[in-house]
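A.B. asks: This is a predicted model, with the sequence first.
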Amino acid sequence: MMSTSTRGFSRRRFLEGAAIATSTLGMPFIRTARADAPTFKAGVITSLSGENILGGNLTKRGYDLWADAINAKGGVEVAGERFKVEMFYGDDQSNPATGADAAERLIVQNEVDVLFGPYTSGSTIAVQPICQKYQVPMISGSAESPNVWKAKPEFNFGIIPAVDITAGKSLGVLAKTANPTPKTIAVIGVNEPFSKETGEGFRDGAKEAGLELVAYELVPAEGDLTPVISKISALKPDMVAVGGHEEPLINVVKTSKSLNFRPKSLIMHYGVTDPAFAQALAADADGTCGVVVWLPSVPYKDDLFGTAKDFAEMAQKKSGHEPDYTEAGCAASGLVFGDAVKRLGKKPGLKPEDRVALKDAITETDLHTFYGPIKFEKDGDHFHDNIQPVPVLVQIQGGKTVAVGHEAGAGAALTYPLPAWK
């Protein structure tokens, strides 16, 4: 789905304030110094320039965190020996076609053993045919569009569950957490690629969560929401779920208050984790729920990074910012590669047939990490995506975003039903 190529304007532009933009204009290919000993060669394709540079640097930081951590231990373990990882970088310049060219050069010129995927789903989709052509596996720590996986990419594997899965599962977490149990839901989706997919995830997940869908409204990114909110208000749903970017999300709250409509629960996707959301709405933001797939508080751990909290502290020490789930997903991509190479038992450098065997080893991944469980789907619309993680339900309380629902517990009690507007 090429229209997702500018996903930098979508769900994670909320995080741009936390990203460190390291300009690489004029340097589309960067590499670490070559070691004398044999190394595994990993190619990173992401947006190191252009409009998605901030998100691109989130992915780069995550991949580099893994490379630094594994190399500090002597490298990836194979047959009792350790081999360091050498990182190569290709800049897609926030353009899918450029990303495909970058992938081809990394494979042909740098002879990388594995690719780590781009920030945007559009670039990821563009790179998949290159991976297929050269039979080189790619592990994508960022892509979330379900269209990536509907293509059934043989050589690409996703760490973050597709947005339709995350949105759908989140309704189940909310319905299970709320007391009394909600029965009805109305869904609003903004009519642009990523937001529409989020809305569809909420819509399709309603039935599985045991909720009756009383309305599904697709709205433009800009415009008066009064008619839609008025229609939904008359239906009196227990829950309202919204897929959109920051302005539509804020407008839903403002319009609902102006019409004195307050559902028992209001859930959005990633937007509520942006401090700007709460700042724009002040006290009116309180009670709004959101969804993330990873937080430093999740109860997961592994032998390299330790706990999720340990990883967050490591990342913050290096960048000065608490990592988001993008960095976590990208760092977990390296864990998948290391685990697969160890099981493969092949030392560097890998031959073409070894890379195919590496792809097969990645397919059989069943791993527990600081990010959460990782196991790739082998058929269906989410082929080669990792849909194992349970979404973390968050809610704004007192102007702060706190975890209120997860399979392993939460940091605060869910406010439900929401009180009337003041």
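C.D. replies: Looks like it came in fine. Numbers count the residues shown, from 1 in each chain.
A.B. asks: so who does the closest residue to Ala102 other than its chain neighbours touch?
C.D. replies: Excluding the flanking residues, the one nearest Ala102 by C-beta to C-beta, 6 or more residues apart in numbering is Gly90, at 3.1 Å. The way it works is simple: take the backbone N, C-alpha and C, and place the C-beta from them, glycine included. Gly90 is in contact with Pro28, Phe29, Gly43, Val44, Ile45, Thr46, Gly99, Ala102, Ala103, Arg105, Leu106, counting by C-beta atoms under 8 Å, 6 or more residues apart in numbering.
A.B. asks: try Phe305
C.D. replies: Taking C-beta under 8 Å, 6+ apart, we find Phe305 in contact with Ala69, Phe311, Met314, Ala331, Leu335, Thr369, Phe370.
A.B. asks: one more time with 7 Å, if that's ok
C.D. replies: Going by C-beta atoms under 7 Å, 6 or more residues apart in numbering, Phe305 touches Ala69, Phe311, Met314, Phe370.
A.B. asks: Mind listing what's buried along stretch 212-228?
C.D. replies: Within stretch 212-228, the residues scored as buried using 16 or more other C-beta atoms under 10 Å are Leu213, Val214, Ala215, Tyr216, Glu217, Leu218, Val219, Leu225, Val228.
A.B. asks: Give the helix, strand or coil label for the first one.
C.D. replies: Read that as Leu213. Three-state assignment for Leu213 (DSSP: H, G, I helix; E, B strand; the rest coil): strand.
A.B. asks: Pull the number of nearby residues for the residue nearest to it when sequence neighbours are not counted.
C.D. replies: Excluding the flanking residues, the one nearest Leu213 by C-beta to C-beta, 6+ apart is Ala206, at 4.5 Å. Ala206: 24 surrounding residues under other C-beta atoms under 10 Å.
A.B. asks: now Ala403
C.D. replies: For Ala403, the count of nearby residues is 18 (other C-beta under 10 Å).
A.B. asks: Let me know the helix or strand that Ala331 is in.
C.D. replies: helix 325-344 (DSSP states H and E).
A.B. asks: ok, now how distant is Ser170 from Gly243?
C.D. replies: 11 Å (C-beta to C-beta, to the nearest Å).
A.B. asks: same check, this time on Ala175
C.D. replies: Distance, Ala175 to Gly243, using C-beta to C-beta: 18 Å.
A.B. asks: List the buried residues in stretch 73-82.
C.D. replies: Neighbour counts using 16+ other C-beta under 10 Å place Gly75, Val76, Val78 of stretch 73-82 among the buried residues.
A.B. asks: Which parts of this structure belong to which domain?
C.D. replies: Listed domain ranges for the chain are 2-161+296-375, 164-292+391-405 (source: automatic domain parsing).
A.B. asks: now the end-to-end length of the shortest one.
C.D. replies: To tie it back to what came earlier, the one meant is domain 164-292+391-405. End-to-end span of domain 164-292+391-405 (C-alpha to C-alpha, to the nearest Å): 19 Å.
A.B. asks: for the next helix or strand after the helix holding Ala331, packing partners?
C.D. replies: Downstream of helix 325-344, the next assigned helix or strand under DSSP H and E is helix 352-363. Applying 3 or more C-beta pairs under 7 Å, 6 or more residues apart in numbering; DSSP states H and E, one finds that helix 352-363 makes contact with helix 325-344.
A.B. asks: Would you mind checking the average pLDDT for the helix it packs on?
C.D. replies: Helix 325-344 shows a mean pLDDT of 97.
A.B. asks: In the protein, where is pLDDT below threshold?
C.D. replies: Along the chain, the parts satisfying pLDDT under 70 run over 1-36, 407-410.
A.B. asks: Could you rerun that using 80?
C.D. replies: 1-37, 193, 245-246, 270-276, 406-411 (pLDDT under 80).
A.B. asks: Ala175 and Gly243 - which one has more neighbours?
C.D. replies: Using other C-beta under 10 Å as the criterion, Ala175 and Gly243 rank with Gly243 on top: 29 against 22.
A.B. asks: Look up phi and psi at the more buried one.
C.D. replies: As for Gly243, its main-chain torsions (degrees, to the nearest 10) stand at phi -110, psi 120.
A.B. asks: in the sheet, who's paired with it?
C.D. replies: Note on Gly243: beta-bridge partners Gly189, judged by DSSP bridges.
A.B. asks: residues touching it, list them.
C.D. replies: Contacts of Gly243 by C-beta under 7 Å, 6+ apart are Ala167, Gly189, Val190, Ser195, Lys196, Thr198, Gly199, Phe202, His269.
A.B. asks: count of neighbours near the closest residue to the last one other than its chain neighbours?
C.D. replies: Among residues not flanking His269 along the chain, Thr198 sits closest, at 5.0 Å (C-beta to C-beta, 6+ apart). When neighbours are counted by other C-beta under 10 Å, Thr198 registers 31.
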